[in-house]
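Asks: Starting from these lines, generate the structure:
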Amino acid sequence: MRSWRQAALALLAMLIAGAAQAQGAYPDHKIRLIVPFAAGGPTDVIARLVADRLSSALGQQVYVEDLPGAGGNLGVEAAKRAAPDGYTILAVSTGFIINPSMYTKIGYDPVKDFAPISLVAASPNVVVVHPSLPANNLKELIDLIKANPGKYSYAQPSTGSTPHLAAELMKQIYGLDLTMVPFNGAAPAINSTLGNHTPIAFTALPPAIGAIQQGALRGAAILAKQRIATLPNLSTNGEQGVPGLDSDTLTGIVAPAGTPSAVIDKWHAAIAQMVADPAMKQKLDTLGFVGVGSAPAEFAARIKSEAARWDKVIKAAGIRMD
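Replies: Here you go, the predicted structure:
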């Protein structure tokens, strides 16, 4: 009886040791970081910074795989189908949160199908205008549009993006008759406004920084609670007495639901250390992002609050995608 008990205890110790060793071995091969958009966009840029830094932190290569299509849904659904073993991770933007409210058919639930790891960075949206437009700031722009219903149009980078929804929210709050012109990306939206084809543009900050700094476009407002270091003279919508329009383009990291908590914690710790690095902070500032590095629970709460906020705007605007 004693020998049986000793053998059982020895076996249990071996199993515990084996499990601990297996857990400690993560990762033991390459990790795929899916980006559900084309290369060069804001999500891809942040994902590549994460991949580079976490390759060093985790001791295994983290490689980026761009899987664009259907507003990001194709890449998200590919990540959902992956094994929850920590070897497929997903970089997401705000579209990941918004798309379930906008698409008639969608193959994922951002809350049930994924485990949040961290909100890596956020970039405030910005309103820019062609220099010929007689509006020096957002308050003057709203007054101009009100005085000329149906005359002006605005460019937005992607239907259902937060720049698009921020514009629709502004129309709803202030009762504006403003025509929306969609584009397939921020670069063509900015180019349209540079050419004065659409005299107004709503975009994330990064693609607009250069044009604002060079004076090719006039910044009307940063849609944020605080000014941005790279554009210290550009006032916020709140400072101009135009509340309620604060909005960000978010970039975060999630994993398929069921991914071990030890993997989630390891990724979060590495990301938090990354965004705390002064050199990385400076790089993010230059790109027009603010580092966040939030904990998984905080990111989960942000996903739910953003979904609720933009769902109301989408329904009021009647935005639907097939």
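
Asks: Which helix or strand lies directly C-terminal to the helix or strand bottoming out on mean pLDDT in the chain?
Replies: Sorting the helices and strands of the chain by mean pLDDT, DSSP states H and E puts helix 2-24 at the bottom, at a mean of 46. Remark: after helix 2-24, the chain's next helix or strand is strand 31-35, criterion DSSP states H and E.

Asks: quick one: that following strand to chain centroid distance?
Replies: Relative to its parent chain, strand 31-35 has a centroid offset of 16 Å by C-alpha atoms, centre = their mean, to the nearest Å.

Asks: mind listing what the nearest residue to residue 204 once chain neighbours are set aside touches?
Replies: If the residues on either side of it in the chain are set aside, residue 204 comes closest to residue 249, at 4.0 Å by C-beta to C-beta, 6 or more residues apart in numbering. Bear in mind the C-beta positions are built from the backbone N, C-alpha and C, glycine included. Applying C-beta atoms under 8 Å, 6 or more residues apart in numbering, we find residue 249 in contact with 42, 93-94, 122-125, 161-163, 204-205.

Asks: redo that, cut-off 10 Å
Replies: By C-beta atoms under 10 Å, 6 or more residues apart in numbering, residue 249 lies in contact with 41-43, 93-95, 121-125, 157, 161-163, 166, 186, 203-206, 288-289.

Asks: Tell me which of those fall in helices.
Replies: Using DSSP state H, the subset of the contacts of residue 249 located in helices is 42-43, 94-95, 162-163, 166, 186, 206.

Asks: between those residues, which has the most around it?
Replies: residue 162 (30 neighbours; other C-beta atoms under 10 Å).

Asks: State the distance from residue 112 to residue 307.
Replies: With distances taken as C-beta to C-beta, to the nearest Å, residue 112 is found 12 Å from residue 307.

Asks: in the stretch 51-200 of the chain, which spans are helices?
Replies: Using DSSP state H, counting those that start in this stretch, the helices found in the stretch 51-200 of the chain span residues 73-81, 94-102, 138-147, 162-174, 186-194.

Asks: Out of those helices, which is closest to residue 281?
Replies: helix 94-102 (21.7 Å; C-beta to C-beta).

Asks: circling back to that earlier point, pull the most distant pair out of the ones in helices among the contacts of residue 249.
Replies: Counting by C-beta to C-beta, the most remote pair of the ones in helices among the contacts of residue 249 is 43 and 166, 17.8 Å apart.

Asks: so who does residue 163 touch?
Replies: Residue 163 neighbours (C-beta under 10 Å, 6+ apart): 94, 125-127, 154-157, 186, 189, 201-205, 207-208, 223, 247, 249.

Asks: Domain-wise, how is the chain divided?
Replies: 30-122+248-317, 124-223 (automatic domain parsing).

Asks: CSV please, covering those and showing mean pLDDT.
Replies: As requested, those are exported to CSV (pLDDT from 0 to 100):
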stretch, mean pLDDT
domain 30-122+248-317, 94
domain 124-223, 95
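
Asks: Now distance to residue 239 too, for these, in JSON lines please.
Replies: Output for the domains of the chain, formatted as JSON lines (distance: least, C-beta to C-beta, whole Å):
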{"stretch": "domain 30-122+248-317", "distance to residue 239": "17"}
{"stretch": "domain 124-223", "distance to residue 239": "8"}
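
Asks: all strands for the chain, in order.
Replies: Remark: strands assigned in the chain by DSSP state E are 31-35, 62-66, 88-93, 114-129, 153-156, 179-182, 200-204, 218-223, 248-256, 290-291.

Asks: most packed of those?
Replies: Highest mean neighbour count of the strands of the chain: strand 200-204, a mean of 29 (counted as mean count of other C-beta atoms under 10 Å).

Asks: okay, the angle between it and strand 218-223?
Replies: Angle, strand 200-204 to strand 218-223, by axes from the mean of the first three to the mean of the last three C-alpha atoms, to 10 degrees: 40 degrees.

Asks: ok, strand 200-204: who's next to it in the sheet?
Replies: strand 114-129 (antiparallel), strand 153-156 (parallel) (DSSP bridges).

Asks: Can I get these in a markdown table including distance to residue 275?
Replies: Below are the strands paired with strand 200-204 laid out as a markdown table (distance: least, C-beta to C-beta, whole Å):
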| stretch | distance to residue 275 |
| --- | --- |
| strand 114-129 | 7 |
| strand 153-156 | 28 |
